[in-house]
Structures are given as structure tokens and as C-alpha cells.
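Enquirer: Got a sequence here, can you build the structure:
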Amino acid sequence: MDPRSKAQDVMRCDLCETAVVQMHCDTCLVNLCKACDIASDVQNRMSQLEKEYGDLSTAITKHGEDWHREIDKLVKKLKAEADEMKRKQLKILQKHLDEIHKKIADIKCKINSIESLLDSQVKKLLDEPEIVTTIETGYRQHYTVACLSNEKIWTGGDSTINLYSINQGSLLKSITTRSEYTPEDIAVAKSGDLIYVDNSDRTLNIFKSEKIEVIRLQSWIPCGVCGTSSFDLLVIMYSADYQQSKVVRYFGSTEKQTIQFDDKGKALLSPWPYYARITENRNLDICVADKEAMAIVVVNQAGKLKFRYTGHTPAPKNQPFSPRGITTDSQSYILTADYSNDCVHIIDKDGQFLRYIDCGLSDPWGLCIDTNDNLFVAQWRSSRARAVVVLNQAGKLPVDASASIKWRHSFEYIRDTDSKRSIQWHLFPNVLLKTVKHVMF
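Expert: The predicted model follows:
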């Protein structure tokens with residue numbers, strides 16, 4: 001058919017294929033009607049949105065992965081820092097724990113040492129004292145005794161002061177007091193010089209190089225004296241009107257210190273401590289046996305009151321405490337003669353009662369201890385100055401020594417199988433003891 005005479009076909013929409021073409025896209029080479037043009041646009045937009053949101057999702061996923069990597073790094077860093085802190089703290093705590101274990105071991109070692117020491121030293125203190133020698137002095141009244149050395153001892157009574165050989169009991173020297181009255185007290189100075197007080201003429205007398213140096217006290221009357229580790233002299237004295245008393249420290253004839261009142265202004269000693277005796281302890285405390293106050297008064301080196309000891313009950317004869325002589329040993333224990341109960345009290349440096357020495361004494365008065373802790377006792381109405389030792393081999397401990405710090409006052413009787421005799425043990429309260437090997441009375 002001739003194309004010119006044939007009916008011509010209309011161009012249709014490539015999408016719907018029914019509507020007449022109204023638009024042609026030169027880029028896509030697509031023929032569209034208006035309706036398909038709008039739908040195509042929506043579809044294009046939807047495709048575009050799909051693509052854009054897909055890109056966004058991909059970007060978010062990528063950011064998430066990046067963040068996870070950063071978080072993982074941060075977590076690893078924090079864990080590493082925490083592990084390091086833990087390691088350091090554990091190291092410190094382990095060090096402390098090791099130190100604690102070491103200290104515990106040291107404490108256990110010390111406890112074992114103390115128990116061992118206690119075992120041996122308690123036994124020594126509990127051993128019964130024994131009279132090892134007796135010196136006949138010939139005095140009618142025997143007040144005082146002072147150790148010159150471990151071999152020689154001064155004794156005072158009547159109007160003379162005698163020097164005896166301890167081992168032989170022989171008289172080595174005799175000094176008559178200037179006043180020819182009984183010396184109230186005697187002592188040996190750090191220099192080895194003999195000192196005696198004479199209350200009849202109110203003097204302090206120093207026997208040096210066969211000569212007597214005299215210190216006159218004018219309105220005060222001396223009654224007790226001792227030498228000190230610093231070469232001073234301590235003198236107890238009371239006023240001529242018997243209204244006050246004090247302790248004075250001398251260096252030569254110079255007064256260095258006066259001790260009279262406590263912190264509250266109260267007198268430390270009785271107004272008239274007639275038979276008072278004094279000694280310096282190893283810890284430099286000043287110890288006074290004040291008969292009138294019925295007390296041992298202890299002050300420190302500066303004169304500050306530490307304690308008063310007024311006796312212990314039950315006493316051997318159940319009589320009031322009546323202290324006379326006083327001395328101290330190498331462990332700073334304080335020993336005082338109890339005249340009324342015929343015994344010697346032993347207390348520690350803090351005033352804690354340890355035990356009695358009660359072995360047949362009669363009217364004990366003066367006391368002194370030599371460098372071997374042998375204790376000497378002057379008996380007032382006896383002509384004998386007795387030296388008594390604590391045995392270090394007698395009997396067995398009545399109870400386990402490790403429990404000794406819990407002991408209360410009690411008595412135990414143990415049979416000594418060697419000597420076939422009974423030994424009386426006097427236990428003591430709550431005390432941790434050191435070496436004791438007194439010569440006791």
C-alpha cells in the first residue's frame with residue numbers, strides 16, 4: 001500500500017502503551033504521557049531515596065564501625081590502666097602483708113624469748129632466800145649498813161662506823177663520830193667516800209682521805225643520805241620546829257635542788273620524818289622510806305611525784321607497814337625493810353608489789369645491795385648484819401612459768417627431793433620480771 005494513501009499510526013507512551021506521547025526524554029530516549037511522566041518522577045525519586053538512604057546507612061555503618069574501633073581502643077586502654085593500677089596496688093598490699101607477717105614472726109619470737117626469760121627469771125625470784133654470811137658487829141643498836149664494794153661493808157651503830165670484810169667478817173677500820181653520838185644514817189658516795197649524817201649537831205660529814213669534811217645545815221636537821229650516780233648527795237632533812245621536811249641535792253657543799261611539794265603544793269614527806277631513808281634508783285628516781293607517813297615515796301629526777309607505796313596485805317605478821325631502810329637493785333626493783341612485820345618488801349619501779357622476803361629476820365632496819373645484787377640487812381636490836389641470797393637452783397616452779405603474768409597472790413608447797421625439805425613459794429601478781437639474784441633479807 002502506498003504510504004501516502006495509508007492511515008498513519010499514532011505514537012504511544014512507552015510505559016502505558018495506550019496514551020498518546022506527550023513528552024520525549026532526549027536523555028533516556030523514552031516517550032511518555034503526562035501521567036506516566038509523574039509516576040516516573042516518583043519512581044525516580046524513590047530510587048533516588050533508596051540510593052541516598054542506602055548511602056546514609058552505609059555511612060552510619062561505617063561511622064559505627066569507626067566508633068566501635070575507637071571504643072574498643074578506649075576500653076582496652078581503660079582495662080590496661082585498671083590492670084596496671086591493680087598490679088601496683090596488689091604489689092603495695094603484698095608488701096604490707098609481708099611486713100605484717102614479718103612483724104608477727106618477730107612478735108612471736110619476742111614472746112618466745114620473753115616466755116623463756118620469764119621461765120628462768122620467775123624461778124630466780126621465787127627461789128627462797130638464804131642467809132649466806134653473818135657479821136658480828138657488837139653494836140647495842142644497829143641502824144645502818146652501806147656497801148663499799150663486793151668485799152667490804154660499812155656498818156653504823158652506837159657512836160662508831162665500822163668497815164668489815166664480808167668474806168672474813170673481820171673489822172678493817174673503825175671511825176668514831178665527831179659528836180660521839182650514833183650516826184643517823186650512812187652511805188657511800190659515787191667516789192667511794194663514806195658519808196654520815198649526825199642529827200645531834202645538824203651536820204653532813206664526808207670521810208675523805210682520813211679526814212672529815214663537814215657541811216652544817218643550820219636550821220635544818222638531816223636524817224637520811226645517799227650518793228647518786230652523778231656524784232651528788234641527796235639528803236633528807238626536817239626543820240628545827242618539826243613542821244616541814246624536804247630533800248636537798250648537794251654537789252659538794254652547794255645546794256643544787258630542793259624537793260618538797262607535789263604539783264598541788266602538798267608536802268611530799270611527813271613533817272618530821274625522823275627515821276626516813278633515801279636512795280637513788282637505777283632509772284634516777286628518788287625513793288624515800290618515810291616511816292611517819294608509813295609509805296615509800298618515789299619522785300622522778302626532777303622531783304615530780306610518781307607514786308606512793310603504802311604496803312601490801314596480807315603482811316607476814318599482819319602489822320601496819322613500817323618502812324625503815326631502802327635500797328634498789330640492778331633491775332630497778334625497790335627493796336624496803338618493814339620493821340613491824342620482820343620482812344623486806346620488793347616492789348618494781350612503778351610501785352607494783354612483787355614479793356616479801358621473810359626468812360627469820362628480826363627488827364630489820366638498814367639495807368644495802370652490792371653490785372652482784374647481794375642484799376645486806378642491819379637488824380636493829382641484834383648485833384648481826386645478815387646477808388641473804390636468793391637461790392637460783394632450789395626446787396621447781398609450782399606452775400607453768402608461761403602463765404606467771406596471770407598469777408595472783410597465793411602459796412604453793414613443793415617438796416625438794418634432794419634436801420628432803422619443804423620449800424614455801426610466794427607467788428606474785430601481774431608482773432613481767434627480769435633477772436633477779438638478790439642477796440635478800
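
Enquirer: from here on, contacts and neighbour counts on C-alpha atoms
Expert: Will do.

Enquirer: so who does the closest residue to S270 other than its chain neighbours touch?
Expert: In space, and not counting its chain neighbours, S270 is closest to A293: 5.6 Å by Cα to Cα, 6 or more residues apart in numbering. Listed by Cα atoms under 8 Å, 6 or more residues apart in numbering, the contact set of A293 reads 269-270, 273.

Enquirer: A59 now?
Expert: For A59, no contacting residues are found, by Cα under 8 Å, 6+ apart.

Enquirer: so what's the backbone phi/psi at it?
Expert: Note on A59: its backbone torsions stand at phi -60, psi -40 [degrees, to the nearest 10].

Enquirer: neighbours around M294, how many?
Expert: Other residues within reach of M294, judged by other Cα atoms under 10 Å, total 20.

Enquirer: Looks like it contacts S322 (just checking).
Expert: Yes: proximity of M294 to S322 meets the contact threshold set by Cα atoms under 8 Å, at 5.5 Å.

Enquirer: Next, find the distance separating the closest residue to G311 other than its chain neighbours from D290.
Expert: Of all residues not flanking G311 in the chain, F321 sits nearest, at 5.4 Å (Cα to Cα, 6+ apart). For F321, the distance to D290 (Cα to Cα, to the nearest Å) stands at 11 Å.

Enquirer: before we move on, the earlier item: okay, the residue nearest to S270 and I153: tell me how far apart.
Expert: In terms of Cα to Cα, A293 sits 29 Å off from I153.

Enquirer: Also Y181?
Expert: Counting by Cα to Cα, the gap from Y181 to I153 is 20 Å.

Enquirer: How about F207?
Expert: 15 Å.

Enquirer: These two: which is more packed in?
Expert: Using other Cα under 10 Å as the criterion, F207 and I153 rank with I153 on top: 24 against 16.

Enquirer: Let me know whether that one touches I135 as I believe.
Expert: No: using Cα under 8 Å, I153 is not in contact with I135; the gap is 10.0 Å.

Enquirer: now A39, what's its secondary structure?
Expert: Of the three states, A39 takes helix under DSSP: H, G, I helix; E, B strand; the rest coil.

Enquirer: so what pLDDT did it get?
Expert: As predicted, A39 sits at a pLDDT of 70.

Enquirer: Tally up the residues packed near it, please.
Expert: A39 - counted by other Cα under 10 Å - has 12 other residues nearby.

Enquirer: residues contacting it?
Expert: Contacts of A39 by Cα under 8 Å, 6+ apart: none found.

Enquirer: Dihedrals phi and psi, Q43?
Expert: Backbone geometry at Q43, expressed as degrees, to the nearest 10, gives phi -60, psi -40.

Enquirer: That one: neighbouring residues, count only.
Expert: Neighbours around Q43, by other Cα under 10 Å: 12.

Enquirer: Touching, V344 and A337? I think so.
Expert: Yes: taking Cα under 8 Å as the definition, V344 is a contact partner of A337 at 4.5 Å.

Enquirer: And these two? Which one has more around it.
Expert: A337 (31 against 27).

Enquirer: For the helix or strand hosting the more buried one, enumerate the helices and strands it packs against.
Expert: Using DSSP states H and E, A337 sits in strand 334-338. Using 3 or more Cα pairs under 8 Å, 6 or more residues apart in numbering; DSSP states H and E, the elements in contact with strand 334-338 are strand 323-328, strand 343-347, strand 364-369.

Enquirer: helices and strands around the helix or strand just after the shortest one, which ones?
Expert: Past strand 343-347, heading to the C-terminal end, the next element that is a helix or strand (DSSP H and E) is strand 353-357. Contacts of strand 353-357 with other secondary structure elements, assessed using 3+ Cα pairs under 8 Å, 6+ apart, are made with strand 343-347.

Enquirer: which residues sit against the strand it packs on?
Expert: 316, 333-338, 353-359, 361, 364, 440-441.

Enquirer: correct me, but S159 touches Y181?
Expert: Yes: contact status for S159 versus Y181: in contact at 4.8 Å, counting by Cα under 8 Å.

Enquirer: can I assume H63 sits in a helix?
Expert: Yes: going by three-state DSSP, the assignment for H63 places it inside a helix.

Enquirer: To what extent is it buried, counted in neighbours?
Expert: Neighbours of H63 (other Cα under 10 Å): 12.

Enquirer: And it, how far from E50?
Expert: In terms of Cα to Cα, H63 sits 19 Å off from E50.

Enquirer: Quick check, pLDDT for A295.
Expert: Looking at A295, its pLDDT reads 97.

Enquirer: Repeat that for H426.
Expert: pLDDT, read off for H426, is 29.

Enquirer: ok, now V377?
Expert: Looking at V377, the pLDDT reads 88.

Enquirer: What about the residue lying closest to it once chain neighbours are set aside, how many residues nearby?
Expert: Closest residue in space to V377, ignoring its immediate chain neighbours: L367 at 4.8 Å, by Cα to Cα, 6+ apart. Residues lying near L367 (other Cα under 10 Å) number 30.

Enquirer: again, but for Q379
Expert: 25.

Enquirer: isn't it right up against Y143?
Expert: Yes: contact between Q379 and Y143 holds when scored by Cα under 8 Å: they sit 7.1 Å apart.

Enquirer: helices and strands of this structure: which one bottoms out on pLDDT?
Expert: strand 411-416 (a mean of 26; mean pLDDT, DSSP states H and E).

Enquirer: thinking again about what came up before, find residues that contact each of V344 and A337.
Expert: P364.

Enquirer: Listing request: residues of the stretch 251-400 of the chain with sub-threshold pLDDT.
Expert: Counting by pLDDT under 70, the stretch 251-400 of the chain contains low-confidence residues at 382-400.

Enquirer: just the strands in it please.
Expert: Using DSSP state E, counting those that start in this stretch, the strands found in the stretch 251-400 of the chain span residues 254-259, 277-280, 286-290, 295-299, 305-309, 323-328, 334-338, 343-347, 353-357, 364-369, 375-379, 384-390.
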